[in-house]
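1. Here is the input, now give the coordinates:
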Amino acid sequence: MKVVVWACATLLAAGCASETSLDGATPSTQATVVATADGAGTHIEVPSLDLAFRLPESFAVADDPGLVFLARSLQPPAIVSIAEEPSDIAQHEPEGGETVFPATVANVEAVVVENAAVDGLPAGVVANELLVANGDRSFGLIMSSDRQDMPVLWDDLLASIAVG
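-> Below is the predicted model:
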């Protein structure tokens with residue numbers, strides 16, 4: 001999973017090879033993208049994980065067949081990726097400088113990892129993770145962004161997540 005974050009973080013500067021705005025079109029990732037009508041962002045559904053969340057309208061879906069979902073925002077620069085994980089994903093021990101704390105997402109065991117230890121992040125870019133242990137629907141969600149943008153982006157994303 002850490003390699004995915006590093007690869008995604010490099011996209012902050014390099015761009016994605018293939019992307020689609022979040023206007024109802026879906027690339028070959030496993031997510032169903034549904035635009036919201038209220039202008040508050042874009043509602044994303046990932047049926048294979050029984051997951052739904054909202055991203056700001058600045059995000060565009062990027063095509064990556066190795067992930068369940070990948071989206072990038074140019075302003076502010078940010079990446080969100082989701083990968084399927086084993087059911088014990090929430091058993092995460094902190095690595096150098098990480099802050100790990102338990103969370104519950106719709107009665108499902110999870111942990112939040114802030115300042116995730118990821119090799120190769122560009123200067124000023126940080127990563128946070130949400131690791132959800134939901135049996136065969138377990139996943140890791142990673143957001144990387146500029147340090148100053150992370151608090152608002154992350155808090156809004158976490159507040160919008162629904163599982164089940």
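2. Walking through this protein, point out its helices one by one.
-> Per DSSP state H, the chain carries helices over the ranges 2-14, 150-160.
3. how about the nearest residue to Trp154, chain neighbours excluded?
-> Spatial nearest neighbour of Trp154, chain neighbours left out: Asn128 (5.2 Å); criterion: CB to CB, 6 or more residues apart in numbering. (Glycine included, C-beta is placed from N, CA and C.)
4. what bridges to the one you found?
-> Per DSSP bridges, residues listed as beta-bridge partners of Asn128: Met143.
5. just checking, it touches Ala117?
-> No - Asn128 sits out of contact with Ala117 when judged by CB atoms under 8 Å, with a separation of 11.4 Å.
6. These two: which has the busier surroundings?
-> For the pair Asn128 and Ala117, the greater number of neighbours falls to Asn128 (23 against 15), based on other CB atoms under 10 Å.
7. Please name the residues that touch that one.
-> Each residue near Asn128 by CB atoms under 8 Å, 6 or more residues apart in numbering is listed here: Val112, Val113, Glu114, Asn115, Ala116, Ile142, Met143, Ser144, Met150, Trp154.
8. Let's see that with 10 Å instead.
-> Residues in contact with Asn128, defined by CB atoms under 10 Å, 6 or more residues apart in numbering, are 5, 98-99, 112-116, 141-145, 150-151, 153-154, 157-158.
9. And it, how close does it get to Ser48?
-> Computed as CB to CB, to the nearest Å, the Asn128 to Ser48 distance reads 23 Å.
10. How about Asp155?
-> As defined by CB to CB, Asp155 lies at a distance of 26 Å from Ser48.
11. before we move on, what about Pro56?
-> For Pro56, the distance to Ser48 (CB to CB) stands at 23 Å.
12. can you count the residues close to Ser48?
-> Residues contacting Ser48 under the criterion other CB under 10 Å number 16.
13. contacting residues around it?
-> Contact criterion CB under 10 Å, 6+ apart gives Gln30, Ala31, Thr32, Val68, Phe69, Ile82, Glu84, Asp136, Arg137, Phe139 as the residues in contact with Ser48.
14. Quick check: the farthest pair among the residues you listed?
-> When the contacts of Ser48 are compared pair by pair using CB to CB, the farthest-apart members prove to be Thr32 and Asp136, with a separation of 18.7 Å.
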